[in-house]
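Novice: Mind folding the following:
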Amino acid sequence: MAAAATDEDAPSSRSTRTEKLWADVRVDPVEIALPGGVGYTLRAYRSSTEITRSEPAAAGDEDSDDFDAASAAVARRRQGTRARDDEDEDLDDDEFDEDDLDDEFDDELDEDEEFEDDDEDEDEEVEQEVPVFLGRGGKVFLFHNPDKLVEFVKSGAPNDLDQLDTWPTLVKRITSEDIVPLEEDTYELDLVVENLRGGSDAWDAPLILKAGEVARDLSFALRIDSVLIALSAGTPLDELDEALRAAEAGGLGGMLARRKLKKIPAQQSSLAWRTIIGKISAAADWRD
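Specialist: You can find the predicted model right below:
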């Protein structure tokens, strides 16, 4: 009897009504753990032609100044239109202290500015699915309490999700009981740095890969260009992700990937991720 009650009360369970709500509105509740706490928010994916992102706060926001150049760089890498000269194969452990990491981001931005005009023309022709979060002005709104999240949604306060055609339906139907993120929408960014410090034998592939997923989504939606570039195709952190995926898949490819993982400096990776999580934390607007 006790076991049955535990299963019934498991936080991952959803009612049929809740499942239908999220399917109807095409929005999902998300749980993100940061060093400053665990919070709930909402995320949707829509065509880039349907979404208009609000401008980030201008004061002192160096990241937003170069967002167009950064996003153009990522689009170019994803489309495979420019080969990247990768000199990171044999990096020393001390090559990725935080100052060097920021310098690398700045160098990439400078390099990409000269291509910006051409890429903007290319991007206008490319329709893709992009993430959008409950937030505004380059911030993601996080709530410790589901009740507060629902209260905000029903308040009529402006946010980046209110442009969705399904938003009025969500506002009308959402309740606190619906804020039940699925396992794949739960991210533990607060554990990534410590896990990476443990070395390749201790690395938790699902933890790191999911962190990369939500960090990419947040950096695109919130215009955090330095994070967008740090996790883009061909970078050391992207190669770490690819090696982890291959190792998880097993077989001969997995064996080769595990060998590659042993050559990736743990200190380099943990420092890089510490910087990324710091930038994401700075973009979190805790609303309760």
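
Novice: ok, Gly167 - contacts?
Specialist: Quick fix: residue 167 is Trp, not Gly. Val25, Leu161 (Cβ atoms under 8 Å, 6 or more residues apart in numbering). For the C-beta atoms, the positions are set from N, CA and C on the backbone; glycine is no exception.

Novice: do that again at 6 Å, thanks
Specialist: Shown in contact with Trp167 (Cβ atoms under 6 Å, 6 or more residues apart in numbering): Leu161.

Novice: how close does the nearest residue to Pro56 once chain neighbours are set aside sit to Asp28?
Specialist: Excluding its sequence neighbours, the residue lying closest to Pro56 (Cβ to Cβ, 6 or more residues apart in numbering) is Gly138, at 2.9 Å. Remark: distance between Gly138 and Asp28 (Cβ to Cβ, to the nearest Å) = 21 Å.

Novice: ok, now Ser281?
Specialist: Distance from Ser281 to Asp28, by Cβ to Cβ: 22 Å.

Novice: now do Ile174
Specialist: Relative to Asp28, and taking Cβ to Cβ, Ile174 is found at 12 Å.

Novice: can you count the residues close to Leu191?
Specialist: 15 (other Cβ atoms under 10 Å).

Novice: Ok, the one 10 residues further on next?
Specialist: Using other Cβ under 10 Å, Asp201 has 9 other residues around it.

Novice: re the thing from before, okay, Gly138 and Asp28: which has more neighbours?
Specialist: Neighbours per residue, other Cβ under 10 Å: of Gly138 and Asp28, the larger number sits with Gly138, 23 against 16.

Novice: The more buried one contacts Leu222, correct?
Specialist: Yes. At 5.1 Å, Gly138 and Leu222 qualify as touching, with contact defined as Cβ atoms under 6 Å.

Novice: Helices along this structure, start to end?
Specialist: 2-8, 16-25, 62-65, 67-78, 98-113, 116-124, 146-155, 167-173, 192-197, 205-222, 225-230, 236-249, 251-261, 266-282 (DSSP state H).

Novice: average pLDDT across the first one?
Specialist: Averaged across helix 2-8, pLDDT comes to 41.

Novice: which residues are contacting stretch 193-208?
Specialist: Contacts of stretch 193-208 (Cβ under 6 Å, 6+ apart): Leu244, Glu248, Leu261, Lys262, Ala266, Ser269, Ser270, Trp273, Arg274.

Novice: Give me the buried subset of these.
Specialist: Buried subset of the contacts of stretch 193-208 (neighbour count, 16 or more other Cβ atoms under 10 Å): Leu244, Leu261, Ala266, Ser269, Ser270, Trp273, Arg274.

Novice: Now the two most distant members of those residues.
Specialist: Farthest-apart pair in those is Leu261 and Arg274; separation 19.2 Å (Cβ to Cβ).

Novice: how close does the residue nearest to Pro56 get to Arg53?
Specialist: 9 Å.

Novice: try Ala23
Specialist: Where Arg53 is concerned, Ala23 sits at a distance of 25 Å (Cβ to Cβ).

Novice: So between the two, which is more surrounded?
Specialist: Legend: neighbour count by other Cβ under 10 Å for Ala23 and Arg53, higher for Arg53 (19 against 10).

Novice: How many neighbouring residues does the nearest residue to Ser269 once chain neighbours are set aside have?
Specialist: Counting by Cβ to Cβ, 6+ apart, Ser269 lies nearest to Leu196, which is 4.8 Å off, once chain neighbours are set aside. Residues lying near Leu196 (other Cβ under 10 Å) number 27.
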